[in-house]
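> okay, here's the prediction I keep looking at, along with the sequence it came from:
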Amino acid sequence: MATLSINNVRKQYGAVEVLKGIDLTLADGEFLVLLGPSGCGKSTLLNMIAGLETISAGEIRIDQRVVNGVHPKDRDIAMVFQSYALYPNMTVARNIGFSLEMRGQSKAERDTAVRRVAKLLQIEHLLDRKPAQLSGGQRQRVAMGRALVRDPKIFLFDEPLSNLDAKLRVDMRTEIKKLHQRLGTTVVYVTHDQIEAMTLASRIAIMKEGVVQQFAPPQEVYERPANMYVAGFIGSPTMNFVRGTLSAEGDRLGVSVGRDRGLFLPLPETPDQAPDQAGHWLGQEVILGIRPEAVTCHDPAAAAGNPALARVSCRVDVLEPTGADTITYIQLNGQEVVARIKPSDRVTEGATADFMIDMARANLFDPKTEQRI
Ligand SMILES: Nc1ncnc2c1ncn2[C@@H]1O[C@H](COP(=O)(O)OP(=O)(O)O)[C@@H](O)[C@H]1O
Ligand SMILES: [Mg+2]
């Protein structure tokens, strides 16, 4: 187990800078997920931690020791890739134990270690098979076994579930989470899948074009995204972005939205609301970010007890039942908004219905910089 600290790390390929000053610090036992679209630099960063890529500038420390010049095999790190690259002619047992064999461990030591890992991954019955005789999921387990057997300080995973079908991916995701709970080893995990990031991470680093946009626990990234890019990347259906103007009615601040800015949505009074900040934004264009689940059918009982729930009347365009809930496209004074309502809610396509917006969960963004206000 180990701490990891990445200080102002850069990577250049010729004139192109693909990592532009990455700063991340992990406590012992954390599960960091590097999340972002293809090409944003996730694998490059992971490979630099592993020692498979050189570091153009900055510093990587494992347990306080600078590892920039340390050979991969001396970093005490184990890596699982998207392609498992098992040795086809070796049995599962030998595949798992091979790194120990290379380090000169005895057969007895190896057998003990292999059995321990096989038990952990529930592949004891597969130990005598060759990779060709395994399913995709089983091969993935063997690849993980190969990493686990070394009992490293840090595990690195590069999109380990991308080649599996949907059902298996979900199962393996849970297995990885259980494994981490049991072993408590520090993990850096690369994915472009926001659900994997949300479910596995203790903290997520969301990347775009070689820059970390936000580094925070999953719920914070979800509830308080640093900018519109992060807000749009996490959550499905994605967050609604409603154009509006910050305005005041009496002593209440709110956002006026829609046609002629005719609909006033009051913001909840928060004690930490900085008056200077509000003064600066008064009368300015803002983007109101609202998650679909913060827009629900009007419920008089709930609304009476919670002043943050703004009541609005909207035309319903389309209903998309998913079983657990119904994704609903509505017109909020001329702007399309997605709501997440209950299957039991009685609304009809083409008709107007009352909804409520939980303004306590609203986010405001600067339309120019797209940063959170
Ligand atoms: N060896 C290389 N030479 C030049 N450019 C590279 C090399 N490896 C990766 N890149 C570029 O660096 C960027 C980041 O790549 P990568 O880290 O693989 O992204 P990700 O894993 O997030 O999909 C991409 O634009 C990619 O084309
Ligand atoms: Mg990659």
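Received it, and whenever you're ready, just let me know what you need. Ligands and ions are numbered 1, 2, ... in the order given.
> Provide the strand pairings for the longest strand anywhere in the chain, with the direction of each partner.
For the chain, the longest strand by residue count, based on DSSP state E, is strand 309-321. When sheet partners are counted by DSSP bridges, strand 309-321 sits next to strand 326-332 (antiparallel), strand 352-358 (antiparallel).
> give me the contacts around stretch 124-134.
84, 86-93, 95-96, 114-115, 118, 138-139, 142 (Cβ atoms under 8 Å, 6 or more residues apart in numbering). Every residue, glycine included, has its C-beta placed from N, CA and C.
> circling back to that earlier point, kindly reformat the strands paired with strand 309-321 as JSON lines containing mean neighbour count, distance to K107 and mean pLDDT.
JSON lines is the format used below for the strands paired with strand 309-321 (neighbours: other Cβ atoms under 10 Å; distance: least, Cβ to Cβ, whole Å; pLDDT from 0 to 100):
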{"stretch": "strand 326-332", "mean neighbour count": "20", "distance to K107": "58", "mean pLDDT": "97"}
{"stretch": "strand 352-358", "mean neighbour count": "19", "distance to K107": "62", "mean pLDDT": "97"}
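> dump those to CSV, plus distance to A301.
Below are those laid out as CSV (distance: least, Cβ to Cβ, whole Å):
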stretch, distance to A301
strand 326-332, 20
strand 352-358, 11
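> mind listing what's buried in the longest strand of the chain?
L309, A310, V312, C314, V316, L319 (16 or more other Cβ atoms under 10 Å).
> equivalent analysis for stretch 222-240, please.
In stretch 222-240, counting by 16+ other Cβ under 10 Å, buried: 222, 225-231, 233-235, 239-240.
> kindly report the same for stretch 159-172.
For stretch 159-172, a neighbour-count test (16+ other Cβ under 10 Å) marks E159, P160, L161, N163, L164, L168, R169, M172 as buried.
> state the distance from the closest residue to the second one other than its chain neighbours to V66.
The spatially closest residue to P160, leaving aside those adjacent along the chain, is V80, at 4.8 Å (Cβ to Cβ, 6 or more residues apart in numbering). Per Cβ to Cβ, to the nearest Å, V80 is found 25 Å from V66.
> hang on, the earlier thing: relative to ligand 1, how far out is the residue nearest to P160?
Going from V80 to ligand 1 by Cβ to the nearest ligand atom, to the nearest Å gives 15 Å.
> which residues does that residue contact?
By Cβ under 8 Å, 6+ apart, the contact set of V80 is A143, M144, R146, A147, F155, L156, F157, D158, P160.
> repeat that with 6 Å
By Cβ atoms under 6 Å, 6 or more residues apart in numbering, the residues touching V80 are A143, M144, A147, F157, P160.
> can you lay out those residues as a markdown table showing distance to ligand 1, pLDDT and secondary structure?
Shown next, in a markdown table, are those (distance: Cβ to the nearest ligand atom, whole Å; pLDDT from 0 to 100; DSSP: H, G, I helix; E, B strand; the rest coil):
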| residue | distance to ligand 1 | pLDDT | secondary structure |
| --- | --- | --- | --- |
| A143 | 18 | 90 | helix |
| M144 | 20 | 87 | helix |
| A147 | 19 | 86 | helix |
| F157 | 12 | 94 | strand |
| P160 | 13 | 88 | coil |
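> from these, which is closest to K107?
If you rank the contacts of V80 by distance to K107 using Cβ to Cβ, A147 comes first, at 21.0 Å.
> correct me if wrong: that closest one contacts A78.
Yes. Between A147 and A78 there is a contact at 3.7 Å, judged by Cβ atoms under 6 Å.
> longest helix anywhere in this protein?
helix 166-183 (DSSP state H).
> pLDDT of that helix, averaged?
Regarding helix 166-183, the rounded mean pLDDT is 88.
> what does this protein have sitting close to ligand 1?
Y13, V18, G36, S38, G39, C40, G41, K42, S43, T44 (Cβ under 6 Å from any ligand atom).
> where do the helices of this structure begin and end?
Going by DSSP H, the chain shows helices at 42-50, 92-102, 107-121, 136-148, 166-183, 194-200, 218-223, 228-233, 275-281, 300-305.
> among these, show the one with the smallest mean pLDDT.
helix 275-281 (a mean of 68).
> what sits against the residue most central in space within the chain?
Centroid-nearest residue in the chain: A197, 3.1 Å away (criterion: Cα atoms, centre = their mean). Contacts for A197 (Cβ under 6 Å, 6+ apart) come out as V33, L35, T191, I204.
> same question, I330
C314, V316, V337, A339.
> pull the most distant pair out of those residues.
V316 and V337, at 10.9 Å, using Cβ to Cβ across the contacts of I330.
> count the neighbours of the closest residue in space to D165 that isn't next to it in sequence for me.
Beyond its immediate neighbours in the sequence, the residue positioned closest to D165 (Cβ to Cβ, 6+ apart) is G136, lying 7.4 Å away. When neighbours are counted by other Cβ atoms under 10 Å, G136 registers 14.
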